[in-house]
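> Kindly return the folded structure for what I paste below:
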Amino acid sequence: LTGELRRCHTLRGEMHHFITNLQYYVMFEVLEGSWEVFTREMDDAADLDALIAAHDRYLDTILQKGLLGPKSQLLTHTLSTLFEVIL
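Sure thing, here's the model as predicted:
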């Protein structure tokens, strides 16, 4: 029984580590970095059209880096399956 509990505890720790790292990636690599670029582009925008274009680029960047774009559909499906197992 002790061996089984140890394996369960190790698995739980690995799942927690995975979720924590994914959350870190999204918060600091995707959102924060993209936000800095967007605020620079906002400051440089000369008119409303430039601001809207900067915002569109910001949203596209978040979708791609956040693994939600069309090129990441297989990975998104795999992550969804992992989340179902973890939860």
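> Could you pull out the helices in this protein for me?
According to DSSP state H, the chain carries its helices in the segments 2-24, 33-44, 48-65, 73-86.
> Mean neighbour count and mean pLDDT for those - can I get that in TSV?
For glycine as for every other residue, the C-beta is placed from the backbone atoms N, C-alpha and C. Listed next are the helices of the chain as TSV, based on neighbours: other C-beta atoms under 10 Å; pLDDT from 0 to 100:
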stretch	mean neighbour count	mean pLDDT
helix 2-24	10	92
helix 33-44	13	95
helix 48-65	14	95
helix 73-86	11	89
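> quick one: Leu48 and Tyr58, what's the gap?
In this structure, Leu48 and Tyr58 are 15 Å apart, going by C-beta to C-beta, to the nearest Å.
> Then Leu31?
According to C-beta to C-beta, Leu31 and Tyr58 sit 10 Å apart.
> now Leu79
In this view, Leu79 and Tyr58 are 23 Å apart by C-beta to C-beta.
> same check, this time on Thr78
When C-beta to C-beta is the yardstick, Thr78 and Tyr58 sit 26 Å from each other.
> is it true that Met15 touches Ile86?
Yes. In this structure, Met15 sits in contact with Ile86. The criterion is C-beta atoms under 8 Å, and the distance is 4.8 Å.
> confidence score at the spatially most central residue of the chain?
The chain has Val26 as the residue nearest its centroid, 3.2 Å off, counting by C-alpha atoms, centre = their mean. Val26 carries a pLDDT score of 93 in this model.
> Isn't it up against Gly66?
Yes. With contact defined as C-beta under 8 Å, Val26 reaches Gly66; the gap is 6.0 Å.
> From Phe18, how far off is Leu11?
When C-beta to C-beta is the yardstick, Leu11 and Phe18 sit 11 Å from each other.
> same question, Gly69
Distance of Gly69 to Phe18, computed by C-beta to C-beta: 21 Å.
> Also Thr2?
As judged by C-beta to C-beta, Thr2 and Phe18 stand 25 Å apart.
> ok now stretch 13-30, how far from the chain's centre?
Centroid separation for stretch 13-30 versus its chain: 8 Å, with C-alpha atoms, centre = their mean, to the nearest Å.
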